[in-house]
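*Asks:* Here's a sequence, model it:
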Amino acid sequence: MPQLDPKSRFAKCYEQSQSSCARLVQEDELALYLAEIGGGDPAYRAGMCKAWNMLCKPLHSLGALETYLADLAALQRQERPALRPVGIFCMVADNGLVAEGVSQCGQEVTSQVLVNMAEGKSTVAILAQDLGLDLYPVNLGAADYCASGRPKAGVIEAVVRPQGTRNLREEAAMTRAECLQALVTGIALAEAAHASGYKILVGGEMGIGNTSTSTLISSLLLQLNIHEVCGRGAGLSDQGLDHKKQVLQAAYDQYVDQLAGQDITSYLAAVGGLDIAALAGLYLGAAHAHLPVILDGLISYAAALVASRYAPDLVAYLLPSHKPREKCSCIIAQHLGLQPLLDLDLALGEGAGALFFIPLLDMAQEVFTQMPSFEEGQVEAYEDYGSQDPHQA
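*Replies:* Next up, the predicted model:
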């Protein structure tokens with residue numbers, strides 16, 4: 001069977017999906033679209049579990065990996081899960097909150113990393129090349145990059161606001177229209193990925209200051225204590241961390257009563273980021289198309305939390321890869337009922353951490369496809385008492 005080449009088809013598919021998804025910026029149309037999102041098909045999951053139990057090895061001996069592959073079959077609605085091809089969509093945008101001194105570096109870093117991604121030099125780009133995965137950097141509003149007027153080949157230009165978001169301490173980060181545009185951009189990317197033939201998606205991000213926006217919106221939605229969950233981001237000093245906590249606490253106090261009782265778009269527009277909005281849209285579009293998505297770090301978890309408020313059933317499509325260093329991520333994961341498999345103390349961003357999960361899935365798939373059955377291996381089948389069956393979790 002010839003290898004799929006979705007990257008060669010993606011540009012045309014994205015153009016078509018942009019056109020078809022344009023109506024979703026109308027909120028009544030978006031609501032109808034989101035209402036179509038449902039979970040996986042349990043019949044395919046049951047079939048995959050049965051197939052695992054016929055292999056010539058101790059029952060359930062690959063533990064969570066067997067469960068993940070069974071879940072993938074259910075989500076993709078096919079007898080055997082497909083792990084390739086994988087598309088990585090890295091949402092890049094600046095955050096106006098950086099003006100409050102919540103990061104140790106300036107917005108110019110956002111644009112430089114975007115260029116590095118396009119040139120194959122960033123962490124996620126290096127890992128993607130090594131694994132044979134397709135990376136799509138998406139420019140939603142990287143200020144210096146947009147101001148330069150010199151777009152790089154390989155970057156998807158989906159600019160919502162060239163300067164990035166506004167300083168949310170002074171005004172809402174986005175207008176409602178900008179927020180919905182970023183959200184629908186993510187949906188269109190997922191729809192195009194599905195039409196191009198991708199089987200699994202990874203959501204990544206880059207934007208100086210986005211651990212602050214992610215922590216703030218998550219804290220408002222889950223009523224968390226800012227001082228307990230705020231982390232160092234990209235390596236703040238103790239003094240810098242204290243200042244970041246003070247800024248976020250002031251922002252929390254500023255918006256908590258104002259947003260109470262408002263819909264999720266109001267929260268996202270007020271204190272979110274273009275990257276968070278686009279990631280949430282990617283997850284929603286993926287779930288609509290029955291595409292599993294692998295989560296990475298804090299920003300991806302914040303986007304998942306936002307997306308779950310739009311369509312709760314999409315949580316089934318979220319595969320947690322690793323336990324991020326930021327405490328807020330773990331609280332969101334627990335809230336969504338997700339259990340990350342790896343604990344590598346990562347704080348990388350870009351979607352890079354999610355890629356460490358993929359070789360584990362590959363190895364489990366190899367066992368599944370190459371191992372003989374009990375009969376073929378001339379081994380008496382084990383009796384399944386179910387007491388340690390991870391498939392029943």
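*Asks:* So which residues of the stretch 1-150 of the chain form helices?
*Replies:* For the stretch 1-150 of the chain, the helices defined by DSSP state H, counting those that start in this stretch occupy 7-21, 27-34, 42-53, 64-76, 108-118, 123-131, 143-148.
*Asks:* same thing with the stretch 251-393 of the chain?
*Replies:* So, for the stretch 251-393 of the chain - with DSSP H, counting those that start in this stretch - the helices run 264-271, 274-288, 298-310, 327-336, 352-355, 358-370.
*Asks:* Rebuild the ones you listed as CSV, extending it with mean pLDDT.
*Replies:* Below are those laid out as CSV (pLDDT from 0 to 100):
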stretch, mean pLDDT
helix 264-271, 98
helix 274-288, 98
helix 298-310, 98
helix 327-336, 96
helix 352-355, 97
helix 358-370, 97
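*Asks:* Can you say which of those helices is nearest to residue 19?
*Replies:* The closest of the helices of the stretch 251-393 of the chain to residue 19 is helix 274-288. By Cβ to Cβ, the value is 14.5 Å. To be clear about C-beta, it is placed using only N, CA and C from the backbone, and glycine gets the same treatment.
*Asks:* Report the inter-axis angle for the closest one versus helix 108-118.
*Replies:* Helix 274-288 runs at 40 degrees relative to helix 108-118, counting by axes from the mean of the first three to the mean of the last three Cα atoms, to 10 degrees.
*Asks:* Give the closest residue to residue 185 in space, chain neighbours not counted.
*Replies:* residue 158 (4.8 Å; Cβ to Cβ, 6 or more residues apart in numbering).
*Asks:* what's the one you found sitting at in phi/psi?
*Replies:* phi -130, psi 50 (degrees, to the nearest 10).
*Asks:* just residue 61 next, same as before
*Replies:* phi -70, psi -20.
*Asks:* What is the burial count for it?
*Replies:* Neighbour count for residue 61, taken as other Cβ atoms under 10 Å: 14.
*Asks:* before we move on, the earlier item: closest to residue 92 out of the helices of the stretch 1-150 of the chain?
*Replies:* helix 108-118 (4.7 Å).
*Asks:* Give me the mean pLDDT for the closest one.
*Replies:* For helix 108-118, the mean per-residue pLDDT is 97.
*Asks:* mind listing what residue 90 touches?
*Replies:* Contacts for residue 90 (Cβ atoms under 8 Å, 6 or more residues apart in numbering) come out as 117, 124, 135-138, 204-206, 350-351.
*Asks:* so, if you compare those, which one comes nearest to residue 67?
*Replies:* residue 351 (23.0 Å).
*Asks:* Name the nearest residue to the closest one, sequence neighbours excluded.
*Replies:* Nearest one to residue 351, counting by Cβ to Cβ, 6+ apart, is residue 204 at 2.2 Å.
*Asks:* Tell me the strands beside the helix or strand where the one you found lies, with direction?
*Replies:* Assessed by DSSP states H and E, residue 204 sits inside strand 200-206. Sheet neighbours of strand 200-206, with direction, are listed as strand 86-93 (parallel), strand 293-295 (parallel) (DSSP bridges).
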